[in-house]
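Chemist: dropping a prediction and its sequence here:
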Amino acid sequence: MKLSPLARFFLFFTITIFTTTLAGAEWMTGNFWFNFGQKAKSLGMDDFFRGLQFSLPFLGVLTVHEFGHYYFARKHKADVTLPLYIPAWLGFIAVQSLGTMGAFIRLKSQLKSRLEYFDVGVAGPLAGFVAALGLLFYGFTHLPPLDFLFHIHPDYAKYGADYAQHVYQNPGANLRIGSNLLFQFFETYVVSDKSLIPHSYELMHYPFIFAGYLSLFFTALNLMPIGQLDGGHILFSTFGSRVHSVVSPSLFVLFILYAGLGTPYPIDVHYDPFLPEKLWNNLMIFGVVFISVSRVFKYYLNNITLAVAIFGFQYVMRIWFPMVDGNSGWIVFGLILGRFLGIYHPEVEDNRPLDTKRLVISFLALVVFVICFSAKPFS
């Protein structure tokens, strides 16, 4: 039986609420629903209802974002689907996840002008950003006492408010949440009791702030002025195809170059007992770089040359400046962006430039990108 668009919307929305609630409970408690013989306790219904403190605000911001796109697409009489949510929970194999891979709308008809691309592209991130601001303000003005953290980590309690100076000497594989300008503003000017601010290694236990941080992360991700991301639509609409065709691939190449800093394996030309393994790893890294940039230029040889230049620069940097590294987490996104989403923009029938009001909004979108972006969002 084929579902109607409205029924499909509610079905996937409901499933995604369930999976993000499961994930939220795992982030908040530091445990999994299924522990496969581990000593950590399994979670129960009380934890599930606590997980709603993460799933509802997180999906709320995501929904506001998508309906921002949807509203303006319908306003311009485009044939567009309702948002489709993608549930993705990995807790059943004891792997942390967000419970979702996001949501998207699909345009069934082509937008015809730069103005239409601008309105549809900018509406989602700005709407989501406003919702995230409210969420973060609530989270930072309602921080729980330190007993909340000590309940999760009882071994921290003996250090009191100075726990951070003692427990992160060797953090190992623990996840560290990055920061951005907006977070620094809230921590500096909104929080009155600084001792309550969660450390970057513990932020995922605070559902409202964690959901707000993820909302800012996805806002910045969408506002990157590359390809057909929302930021790419804004760049194309504001400056036209000629500027977009230069700026977008240039920023993409810089993005790939930064992401892979610190990944190549230096080889000792005199004697290296791990030579075969390092050669294989470097070949794999080069392969990922090449696949990512394989559509930057029209001709195959140019793309190979570009990949060699990027990998060569990353290799030299690893030797000369071994402490400089990028963020390997961006590599997968760069691969998806370069190979599947594309870094160029389709032409439109109506190439008239934007009015002054929309130019001001495009500058505002750039400001939002800058204050939301983190070079190392997760490490």
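Modeler: Yes, it's here.

Chemist: hmm, what's the outermost residue in the protein?
Modeler: Ranked by distance from the centre of the chain (CA atoms, centre = their mean), the top residue is residue 270, with 42.0 Å.

Chemist: residue 375 is in contact with residue 217, correct?
Modeler: No. Counting by CB atoms under 8 Å, no contact exists between residue 217 and residue 375, whose distance comes to 11.7 Å. (Glycine included, C-beta is placed from N, CA and C.)

Chemist: who has more neighbours, the two?
Modeler: Set side by side, residue 217 and residue 375 show unequal neighbour counts under other CB atoms under 10 Å, the larger going to residue 217 at 19 against 12.

Chemist: does the more buried one lie in a helix or a strand, and which?
Modeler: For residue 217, the enclosing helix or strand under DSSP states H and E is helix 207-222.

Chemist: and that helix, what other elements does it pack with?
Modeler: helix 5-29, helix 45-75, helix 114-141, helix 181-189, helix 356-372 (3 or more CB pairs under 8 Å, 6 or more residues apart in numbering; DSSP states H and E).

Chemist: which is the succeeding secondary structure element to the third one?
Modeler: To tie it back to what came earlier, the one meant is helix 114-141. Note on helix 114-141: by DSSP H and E, the next helix or strand toward the C-terminus is helix 147-152.

Chemist: for the next helix or strand after that next one, buried residues please.
Modeler: Sequence order places helix 164-167 as the next helix or strand after helix 147-152, per DSSP H and E. Applying a neighbour-count criterion of 16 or more other CB atoms under 10 Å, one finds residue 167 buried in helix 164-167.

Chemist: tell me how far helix 164-167 is from the chain's mean position?
Modeler: The offset between the C-alpha centroid of helix 164-167 and the centroid of the whole chain comes to 28 Å, using CA atoms, centre = their mean, to the nearest Å.

Chemist: which residues sit against it?
Modeler: By CB atoms under 8 Å, 6 or more residues apart in numbering, the list of residues contacting helix 164-167 from outside reads 153, 155-156, 159, 199.

Chemist: now do the SS call for residue 3.
Modeler: Local secondary structure at residue 3 is given as coil here, using DSSP: H, G, I helix; E, B strand; the rest coil.

Chemist: contacting residues around it?
Modeler: When contacts are counted by CB under 8 Å, 6+ apart, residue 3 touches residue 11.

Chemist: try it again with 10 Å
Modeler: With contact taken as CB atoms under 10 Å, 6 or more residues apart in numbering, residue 3 is in contact with 9-12.

Chemist: how far does stretch 178-196 stretch from one end to the other?
Modeler: Stretch 178-196 has an end-to-end distance of 18 Å (criterion: CA to CA, to the nearest Å).

Chemist: and stretch 104-122, by the same measure?
Modeler: 14 Å.

Chemist: how about stretch 98-117?
Modeler: Between where stretch 98-117 begins and where it ends, there is a gap of 30 Å, by CA to CA.

Chemist: now do it: distance to the chain's middle.
Modeler: Its chain's C-alpha centre and that of stretch 98-117 lie 17 Å apart, by CA atoms, centre = their mean.

Chemist: with stretch 112-127 instead?
Modeler: Distance, stretch centre to chain centre, for stretch 112-127: 20 Å (CA atoms, centre = their mean).

Chemist: break this structure down into its domains, please.
Modeler: Structural domains assigned to the chain are 1-110, 236-341, following automatic domain parsing.

Chemist: residue 288 touches residue 330, doesn't it?
Modeler: No. No contact is recorded between residue 288 and residue 330 when judged using CB atoms under 10 Å, the distance being 11.6 Å.

Chemist: now do the shared contacts for these two.
Modeler: By the contact definition CB under 10 Å, 6+ apart, residue 288 and residue 330 are jointly contacted by 256, 259-260.
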